[in-house]
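A.B. asks: got a predicted structure here, sequence first:
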Amino acid sequence: MTSSTEIQTRLAHFGALTAIARAITVPLFADPKGVVNKASGSDYDPVTQADIEAERALRAELRRVFPDDSIEGEELPDHVGSNDFSWTLDPIDGTRAFVAGAPVWSTLIALSYQGIPILGMIDLPALHKAYLGHCEGDYRRAWVMSDDGETTVLKTAPCPEIRDGILGCTAPFGMFGPGELAAFKIIGAGTRFMRLGLDALGYGLLSEGRMDIILEAALKPCDVRALMPIVQGAGGRITNWEGGSPVDGGRVVAVGDAGLLPELYTYLGRAMR
């Protein structure tokens, strides 16, 4: 069993990790360098100099301060530690936004204990704020911090019907197959309206009560784990499309009001037949 002191020590270090990542990513956001397409053929999956340098620096800091913790990341090989703590790093979530100059890119950092994400951060340097969440057993809390130090507790909004909801997705025509896209369109047609291209910011806005539903697919573990404590800590739910844990990525649905899930699962289930 872990102690609250061990978790609080790691939570207190999120600020140092943010500063390390920002020192690399913010200057390169102003002048992106080393953009490489990792995909083959006609696909496009960019990685930048900022992705690699920031992840390397974050790993070095974690190895220095918490040498027994495991580390997973998007760009570099996993480090297997000797205890039950594991960090998951995505130095730039929303690399396309980063390359295009859109300020919605973020740095995602998650801490898991025995495979369950308990701390998560979405740091948005270009928007001068960071979302954080802490979920551990029955303890659930999420908050957003501005760069000037102002902290606001997060709480999702009630949304009794899909028709009342605001739907978000980063790139439906890029991340969904034909059946998944059909389900997304059906759900989207029944919502109040939708907003696209937000990357992890959409999950932060859901946790603030500004949005109600996020539907995405083809996500990696490093895309999801930092989001889970934030959404859950604010009172929302985040699962895969079958209702299970999204800890390993794939198809993800997040809602501010858990009452929406049964109807959403019905539509999403049709996409998987």
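C.D. replies: Thanks, I have it.
A.B. asks: what's the pLDDT at residue 130?
C.D. replies: At residue 130 the predicted local confidence, pLDDT, stands at 98.
A.B. asks: run a quick neighbour tally on it.
C.D. replies: Residue 130 has 22 neighbours, counted by other Cβ atoms under 10 Å. All C-beta atoms are positioned from the backbone trio N, CA, C, and that covers glycine.
A.B. asks: isn't it up against residue 120?
C.D. replies: No - checked against Cβ atoms under 8 Å, the pair residue 130 and residue 120 is beyond contact range at 10.5 Å.
A.B. asks: just the strands in the protein please.
C.D. replies: For the chain, applying DSSP state E gives strands covering 36-37, 46-47, 70-73, 85-93, 106-113, 116-124, 129-136, 139-146, 151-153, 166-169, 193-196, 213-219, 237-240, 250-255.
A.B. asks: how about those, which one is nearest residue 12?
C.D. replies: When those are ranked by proximity to residue 12, the top entry is strand 116-124, at 10.6 Å, counting by Cβ to Cβ.
A.B. asks: grab the nearest non-local neighbour of residue 207.
C.D. replies: Nearest in space to residue 207, with sequence neighbours left out and distances taken as Cβ to Cβ, 6 or more residues apart in numbering, is residue 234 at 3.8 Å.
A.B. asks: quick check: the one you found vs residue 192, distance?
C.D. replies: Counting by Cβ to Cβ, to the nearest Å, the separation of residue 234 from residue 192 is 20 Å.
A.B. asks: surely residue 236 and residue 155 touch.
C.D. replies: No - shown here, residue 236 and residue 155 do not form a contact pair, counting by Cβ under 8 Å, at 9.2 Å.
A.B. asks: count of neighbours near the residue nearest to residue 207?
C.D. replies: By the measure other Cβ under 10 Å, the count of residues near residue 234 is 27.
A.B. asks: let me see the contact set for it.
C.D. replies: By Cβ atoms under 8 Å, 6 or more residues apart in numbering, the contact list for residue 234 reads 133, 142, 154-156, 206-209, 256.
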